[in-house]
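In: 3D, please:
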Amino acid sequence: EEFALTDFIEMAKVPTSKNLNIVALFDRSDFYSEEGLLNIADFSDTKIFQVTNGTLNIIKDQMGELNLGNPETLADFISYGFSKFPAERNGLILWDHGAGWPGMGPDDGNDFDILDLQEISDGIEKGLENAGIDKLDLIGFDACLMATYEVAASVVGLADTLVASEELEPGHGWDYRAFNSLATGEASSGEELAIAIADGYLQHAKDYGTDTDVTLSVIDLNAFSGVQEALARFAGSMVEYPTE
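Out: Purely as a prediction, here's the structure:
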């Protein structure tokens, strides 16, 4: 939780811009810090914030203790956020512990329920459909071990660009000041934002002295179907290869 609090502070340092809306669903826990967050006192339930002018604006409260391991929670947040803040381009970033093919995001307050890959896919697909959006420009996983074949296969067709790490991420995770590239106009596409995120993450790791341990990939999901076809042909040949 301490790193999540830091991430919000990083987001709050991004200048408010008419070209950018930062909206976040945050589910805190009684298990960890009792610190307040910027202008918001400590809480232990689930809230949706808009980050603006260096502060947090609560845009949806009294939500109770939601289970973030439930795909319906993901779908509802996507539908609500993108409907309330319509934009020409849309990105979604999931943050928490990651494990690759098993999924990510154990919710401590709900028996450590996680989003498995099918639930991630279902939640995103339903949320986008309800918001009237064909696909995301960017999907990112600020989590360990999510740049795998299985993860990419679960979100192909749902986004143009995937940002994720092949290896473990240090606790500090991404540097959300990378969103400044959208506020300034330096980045104007999902791919350009993804590159800014990767560059910012590497510099963040250098600042923390963890740069020898980090990986982060920017993946063109529109090209991934070709990878799937090639792997299927290879696997087919291996299965058919005589064993005697």
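In: gap between the residue nearest the centre of the chain and residue 74?
Out: The centre of the chain sits closest to residue 93, judged by C-alpha atoms, centre = their mean, with a distance of 1.9 Å. Per C-beta to C-beta, to the nearest Å, residue 93 is found 12 Å from residue 74. Heads up, the C-betas are built off the backbone N, CA and C, glycines and all.
In: Show the residue spans covered by the strands in the protein.
Out: 22-27, 46-52, 55-60, 91-95, 104-107, 113-115, 136-142, 159-164, 217-220 (DSSP state E).
In: Next, the contact list for residue 16, please.
Out: By C-beta atoms under 8 Å, 6 or more residues apart in numbering, the contact set of residue 16 is 52-54, 183.
In: now the chain, which segments are flagged as low pLDDT?
Out: Low-confidence segments of the chain, defined by pLDDT under 70: 244.
In: quick one, longest helix in it?
Out: helix 190-208 (DSSP state H).
In: relative to strand 136-142, how tilted is that one?
Out: 20 degrees (axes from the mean of the first three to the mean of the last three C-alpha atoms, to 10 degrees).
In: Would you mark the buried spots in helix 190-208?
Out: Buried residues in helix 190-208, defined by neighbour count with 16 or more other C-beta atoms under 10 Å: 190-198, 200-201, 204-205.
In: Out of those, name the two that are farthest from one another.
Out: Across the buried residues of helix 190-208, no pair lies farther apart than 190 and 205, at 22.5 Å, counting by C-beta to C-beta.
In: Mind listing residues that contact stretch 85-98?
Out: By C-beta under 8 Å, 6+ apart, stretch 85-98 touches 4, 7, 21, 23, 50, 68, 78, 82, 104-106, 115, 120, 124, 133, 136-146, 159, 163, 165, 169, 173-174, 189-190, 193.
In: what's the closest non-adjacent residue to residue 172?
Out: Leaving aside its chain neighbours, residue 172 sits nearest to residue 208 (5.2 Å; criterion: C-beta to C-beta, 6 or more residues apart in numbering).
In: which residues touch residue 124?
Out: Residue 124 neighbours (C-beta under 8 Å, 6+ apart): 74-75, 78, 92, 136, 139, 155, 158-159.
In: one more time with 7 Å
Out: 74, 78, 92, 155, 158 (C-beta atoms under 7 Å, 6 or more residues apart in numbering).
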